[in-house]
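Sequence plus predicted model, see below.
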Amino acid sequence: MRRVAATTFTATIATTLLTLAPTAIADTAGVVLRPGAKVTSRTAGGVGKGDCTAGFLARNRRGHPVLFSAGHCAHGDGSRLTMHADAGGEVPVAEFVVSEFEGAEGEATDIAVLKLANGVAATGKIDGRIPVSGWVSTVSEGDTVCKLGAVSGLDCGPVVEVSASKVKFAASIQRGDSGGPVFVMRKDGTAAAVGIIIRMARQRLLIAELIGPWLGRWNLTVG
């Protein structure tokens, strides 16, 4: 996993994401990775560090799928996400490649990209139901924005503040929601990606990291 400052992006990082292919694992036990799914963050040694939520699926220029989540969900080199299989046990589904976490205040960056494990079934539809048709570069105060957290579920509310890298809006949030998809609904019933859940501002106010700047920097596409 690469953990670097938000201001030190290099061609090396973009190239790494460009060439990512899924990493091999033994058995996926029928789990389906999707935006909004509950995932557990584990160290390289398999120690559980808490639950997070899977974010948007994207693709690099070679067409390989990658997963967005929150940077603070990573716990050192080789950390990964697992999902609980219906038959029991935890199945590795993705491994952190780049993790950006500068803290939990102001404009501090908090986002990560993971490569998928080989053989893991995945869908880009939010909760396996809502198709994603691209992304929006920003939203405005008063716009209705939605999120899906693995713990708190689906919720929508008005935007109260927007910055160059964050959006704050009225929605519920619980521990374990970090990394989940934040989006706006289009008239055709599809969703446009906005960002990734990163933290609570205060009661009923949620902060998300905007996804647009990272798609460009890392040469990724969503939807």
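On my side now, so go ahead.

strand partners of the strand or helix carrying I198, parallel vs antiparallel please.
I198 is located in strand 191-202, with elements delineated by DSSP states H and E. According to DSSP bridges, strand 191-202 forms sheet pairs with strand 132-135 (parallel), strand 181-185 (antiparallel), strand 205-210 (antiparallel).

Go ahead and list the helix or strand containing V91.
Taking DSSP H and E as the definition, one finds V91 inside strand 90-101.

What distance do you get for the spatially closest residue to L148 that is not a sequence neighbour to T138?
Nearest in space to L148, with sequence neighbours left out and distances taken as C-beta to C-beta, 6 or more residues apart in numbering, is G36 at 3.8 Å. (Glycine included, C-beta is placed from N, CA and C.) Per C-beta to C-beta, to the nearest Å, G36 is found 22 Å from T138.

For the two, indicate the residue with more neighbours.
With neighbours defined as other C-beta atoms under 10 Å, G36 and T138 compare such that G36 has more, 24 against 14.

That one and V182 touch, don't they?
No: with contact defined as C-beta atoms under 8 Å, G36 does not reach V182; the gap is 10.7 Å.

show me the contacts for E161.
Contact analysis of E161 by C-beta atoms under 8 Å, 6 or more residues apart in numbering lists E141, V167, K168.

Name the member of those that has the highest neighbour count.
In terms of neighbours by other C-beta under 10 Å, the contacts of E161 top out with V167 at 23 neighbours.
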